[in-house]
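>>> here are the coordinates; sequence isn't available:
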């Protein structure tokens, strides 16, 4: 399994740091819980509640899993959540996230987004844009800005401020 940081790409976007976290979780799941992801999914489908929210609670209470593990397993049992399983899957989904953010009434905001993205990435070769469902954070070691189409007529450029 390639590390998220090791994948080279021609994409406009970089691989979100969360991908490496999910890959590590999948790789360590069997040694930590006694079951692989596939085994957990099989168990959930066979014995777990039908509703995803109830599955999360069941995994936490009956099987003593943490919140993230319960969430991810319940999601995957419904066939969701795989966009973070590999850098390639994430990069495909990243493009879709941005497309979805700038469709319909927000389409007219796309040129502003593109200019803000270009400006952010011009700050250095180490800058990565890693889209999420509702925004595009810009990273170096940590997030230093985020671009978010907040309304149909406004984009917010968020910057972290220290006290």
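Perfect, I can see it now. Note that this is a predicted model, so its numbers are computed, not measured.

>>> okay, now residue 144: neighbour count?
Residue 144 has 15 neighbours, counted by other CB atoms under 10 Å. Just so you know, the C-beta spots here come from the backbone N, C-alpha and C atoms, and that holds for glycine as well.

>>> and it, helix, strand or coil?
Assigned with DSSP: H, G, I helix; E, B strand; the rest coil, residue 144 falls in the strand class.

>>> how does this structure divide into domains?
In terms of domains, the chain is parsed into 13-84, 106-158 (source: automatic domain parsing).

>>> quick one: closest of those to residue 100.
domain 106-158 (7.5 Å; CB to CB).

>>> next one: the closest one to chain centre, how far?
15 Å (CA atoms, centre = their mean, to the nearest Å).

>>> end to end, how far does it reach?
Domain 106-158 has an end-to-end distance of 18 Å (CA to CA, to the nearest Å).

>>> quick one: mean pLDDT over it.
Across domain 106-158, pLDDT averages out at 96.

>>> what's the longest helix along the chain in contact with?
Assignment by DSSP state H gives helix 17-33 as the longest helix of the chain. Contact with helix 17-33 is made by 1, 3-5, 35-37, 39-40, 63, 65, 68-69, 72, 84-87, 90, 130, 139, as judged by CB atoms under 8 Å, 6 or more residues apart in numbering.
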